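Engineer: Provided below for reference: sequence and predicted model.
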Amino acid sequence: MAILTDRKSLREYDVIIVGSGAGGGMMGMLLALNGVKVLMIEAGRNYDPQKETPMFNTPDQAPLRGKGTADRFFGHYDATVGGGWQVPGEPYGDKPGTDEEFWWWRPRMLGGRTNHWGRISLRFGPYDFKPKSRDGLGFDWPISYEDLAPYYDKTEMMVGIHGSNEGMENTPDSSPGVLQPPPKPRACELVIKKYGKGLGIPVIPIHRAVLTEPMKGAEIAAKLFPNNPKAQKIVGDDMSNRAACFWATPCGRGCSIRANFQSTTVLLPPALATGNLDIITDAMVREVITDATGKATGVHFVDKLTRVDSIAKAGVIVLSASTCETARILLNSKSALFPNGLANSSGQVGKNLTDSVGSALGGHIPQMESLPPYNEDGAGGEHLYTPWWNYKIQETLGFARGYHIEMGGGRDMPSMGSLGMLDGTSPGIYGKKLKEEARRYFGAGIGFAGRGEMIPNEHCYCEVDPTRVDQWGIPTLRFHWKWSDHEIDQATHMQNTFAELITAMGGKATPRPGREALNKPGEIIHEAGTAMMGSDAKTSVVNSFGQTWDVKNLFLMDASILPSNPDKNLTLTVLALAWRSADYLLDELKQGNI
Amino acid sequence: MHESNISRRSIFKLVAAASAAGSLAPVGAEPPKPLTRHFKNPLSDPDYTTKQIPWDLPLEASELATLALLVDLIMPADESSPAASAIGVHDFLNEWVGAPYAENREDHDTIRGGVSWINTHTWKLHDKPFAAVTPDQQTAILDSICDASKAPPELAYGARFFKKLRMLTLGGYYTHPATWKSLGYVGNVPIAGPYPGVPDEIIKILGLEGV
């Protein structure tokens, strides 16, 4: 990828975007395609997936056979650079009195988490925008599903999403012609579907950001950018150069053939091709600077390579640094006019922090032993999933909101844990007999993971630590967390459901109580809500376009602005919201309102 | 016990691979803690084209020789796959026990201590180290410790060692591509066109017609 700008040539930009992930990448691309001069500032290093992705690398080519460690939690080949649960020299902490330890995932690389994410791309449904109206809990959005639906269509066409339209409750269909066809299911997924049916648990094609066929670039780009020939040309050409999935190597490593979505493979290349986007990497933003009238004028950042501070200026500032980092920048941007941090007159910055409710259970399925081998690497992630299916009996469940089920099994590329079940199934055996046992049990395991909606509560928030700075001198965050019974009981329901499924398939499983089975707060890496959108400046931080109520030329464009955190994974919605915000911002710029 | 072992160990691999990264951590995983390395290093910023082990490999030649024997007894050559030592599983163990993580530090003591234990035990029985006794004598010793539930109390150290060694050997062995065909893993190759789906033979075996 052509990159990056000569730091000495800093000029005035129309817009500065802090962060290069989903929100920043989409915003940056759309603005650049429309002639806006954009400077993107990324805290991590430059990263080129086409050169750096370990496609086809095998475990023996990695330390510890690629197994996850405290340093490389999702394994050696995970597309996370420079960080993970910890970033050297950039600590965070827990506020005294917290119930739980919060885990905060931070890569330090161009494209951020979009390089390694699960690619699951589920639209939020109509209920998800009005949760408070439905059950009295949490917050309604200032917009409805219908407001975002056209942007979901456009985003899905731009990014390339496979899936099917099943017409299920609160699980929206895409417009005709938008989705790419879903890949055929694998054996374990069909087994789950078969036995799920008997339990009333639907199993349908998932939507993931993976190309199952080549993109018709010119045709799609003409629909996406009807009055913009330059955008059509640039985006159309770039789309046509993306390859379809070749059904090998896990998506979490990134994708050098650009078959899946990463900001670095899908958004930044066309944005750079316009000549309107400059990117600075290894630059950590300390704060947004404002003038005497309260207008944002730029950002103050430190160049991590030289440790020299700089200021970049622009007419509009967009923070897309990720839910907690965006809150951190706002809270650290204190001035006489904004003593509680920028855009924080509501006091809501850092509050309402949520993550997905997560829990998992696995089992061994005897009927899947000793199957003839076939290639089941597939699309680098699940082909089928279960959307939340209990809307009609929600009142009887004892908890609010729902979860979807992610599922896996069969013969993935062997890892250190692939034959872990032999410890239990085949005690005392070694030699050739152990090899027979390995062949028998390999691929006979199955796993379920629930991803559920957490309801924002007053105990879950981040704030600036009053006494601690990181190695750049930037005050750090500390977290406070307490699950409510809704999340705990939902996790119990997950465990019981997974155990029912495993039992129905002929396996054995011991469900754990929700309190014990819950993943750590932050561990699902679906943080949201620290700078919530709303319809009232008194109780929210931004309007539905991510524009802060207090500072008209300051926009937030990441999951910090989400008022609810449905089970449906955030990235697709962040992308769609960014598109909607970009349209609004372009319009406001054109009209001279900003 | 067995079921919970499965859920705790395998679930990470199963679902994390299935949903790619960013989704699921192993239950009971090592909690995050500040890294001590504040410089570019092959862990936080890997160069995937070159395998780099940024820690010392602690095992001596004599220990590696004993481990090479042991891993071959656990995973011998057969008609479709190599012996464990032929693909360097004993060297992998050296890498494993040298790593700085809690799990590896514990395994360091179990594996190194175990190699010393098995030599001492063999001396007591046969006045020779493990490597110097006959294959039948080696097998007899392994038979006495291979099943922790049946090993006599005085061999509990050996049984604990063997249990760990067996699982690490299985892991190290089957993560090497030279074993995959024999194991039944035929992926990691590109396929042109749409994903082909499940062969009819397997649909029949599993009774998935019409699902």
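Structural biologist: Great, that's in hand.
Engineer: Surely A:Val318 is in a helix?
Structural biologist: No. Counting by DSSP: H, G, I helix; E, B strand; the rest coil, A:Val318 is located in no helix; its state is strand.
Engineer: ok, so what distance separates it from A:Leu501?
Structural biologist: According to CB to CB, to the nearest Å, A:Val318 and A:Leu501 sit 43 Å apart. Glycine gets a C-beta too; all of them are placed from N, C-alpha and C.
Engineer: neighbour-wise, which of those two wins?
Structural biologist: The neighbour comparison of A:Val318 against A:Leu501 (other CB atoms under 10 Å in any protein chain shown) goes to A:Val318, with 32 against 26.
Engineer: Distance of that one relative to A:Met284?
Structural biologist: Distance from A:Val318 to A:Met284, by CB to CB: 17 Å.
Engineer: same question, A:Asp278
Structural biologist: A:Asp278 is 17 Å from A:Met284, by CB to CB.
Engineer: low-confidence ranges in the chain?
Structural biologist: Picking chain A for this. A:1-10 (pLDDT under 70).
Engineer: hm, I was asking about chain B
Structural biologist: B:1-40.
Engineer: Could you rerun that using 90?
Structural biologist: Along chain B, segments meeting pLDDT under 90 span B:1-52, B:54.
Engineer: Contact residues of the stretch 151-300 of chain A facing chain B?
Structural biologist: Contact residues (CB under 8 Å from any CB of the partner chain) of the stretch 151-300 of chain A with chain B: A:181, A:183-187, A:190-191, A:193-194, A:197, A:212-213, A:245-252.
Engineer: Quick check on those: which are buried?
Structural biologist: A:183-187, A:190-191, A:193-194, A:212, A:245-252 (16 or more other CB atoms under 10 Å in any protein chain shown).
Engineer: Run a quick neighbour tally on the closest residue to A:Leu110 other than its chain neighbours.
Structural biologist: Spatially, and ignoring its direct neighbours in sequence, A:Leu110 is nearest to A:Tyr47 (4.4 Å; CB to CB, 6 or more residues apart in numbering or on different chains). Neighbour count of A:Tyr47, defined by other CB under 10 Å: 27.
Engineer: Check which helix or strand A:Tyr47 maps to.
Structural biologist: Using DSSP states H and E, A:Tyr47 maps to neither a helix nor a strand.
Engineer: Now stretch A:150-168: buried residues?
Structural biologist: Buried, per 16+ other CB under 10 Å, within stretch A:150-168: A:151-163, A:165.
Engineer: Return that stretch as PDB; C-alpha atoms alone will do.
Structural biologist: C-alpha atoms of stretch A:150-168 as PDB (Å, rounded to 0.1, in the frame of the first residue of the first chain):
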ATOM      1  CA  PRO A 150     -30.000   2.300   3.600                       C
ATOM      2  CA  TYR A 151     -26.600   2.700   5.100                       C
ATOM      3  CA  TYR A 152     -26.500  -1.000   6.100                       C
ATOM      4  CA  ASP A 153     -27.200  -1.800   2.400                       C
ATOM      5  CA  LYS A 154     -24.500   0.500   1.200                       C
ATOM      6  CA  THR A 155     -22.000  -0.700   3.700                       C
ATOM      7  CA  GLU A 156     -22.600  -4.300   2.900                       C
ATOM      8  CA  MET A 157     -22.200  -3.700  -0.800                       C
ATOM      9  CA  MET A 158     -19.000  -1.700  -0.200                       C
ATOM     10  CA  VAL A 159     -17.400  -4.200   2.300                       C
ATOM     11  CA  GLY A 160     -18.700  -7.400   0.800                       C
ATOM     12  CA  ILE A 161     -20.900  -9.500   3.100                       C
ATOM     13  CA  HIS A 162     -22.100 -13.000   2.600                       C
ATOM     14  CA  GLY A 163     -25.300 -14.300   4.000                       C
ATOM     15  CA  SER A 164     -28.900 -15.000   3.400                       C
ATOM     16  CA  ASN A 165     -32.200 -13.300   4.100                       C
ATOM     17  CA  GLU A 166     -34.300 -15.500   6.400                       C
ATOM     18  CA  GLY A 167     -37.000 -13.000   7.400                       C
ATOM     19  CA  MET A 168     -36.600 -13.700  11.100                       C
END
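Engineer: so how far is that stretch off the chain centroid?
Structural biologist: 16 Å (CA atoms, centre = their mean, to the nearest Å).
Engineer: In the stretch 251-400 of chain A, which residue sits nearest chain B?
Structural biologist: As assessed by CB to the nearest CB, chain B sits closest to A:Gly252 within the stretch 251-400 of chain A, at 3.1 Å.
Engineer: any chance you could map the helices in chain B?
Structural biologist: Under the criterion DSSP state H, helices of chain B are mapped to B:2-18, B:61-74, B:89-98, B:102-126, B:135-145, B:156-174, B:180-183, B:200-206.
Engineer: got the contact list for the residue nearest to B:Leu93 when sequence neighbours are not counted?
Structural biologist: Closest residue to B:Leu93 apart from its sequence neighbours, by CB to CB, 6+ apart: B:Leu67 at 5.6 Å. Going by CB atoms under 8 Å, 6 or more residues apart in numbering or on different chains, B:Leu67 touches B:59, B:90, B:93-94, B:111, B:115.
Engineer: Also B:Gln138?
Structural biologist: B:69, B:73, B:130.
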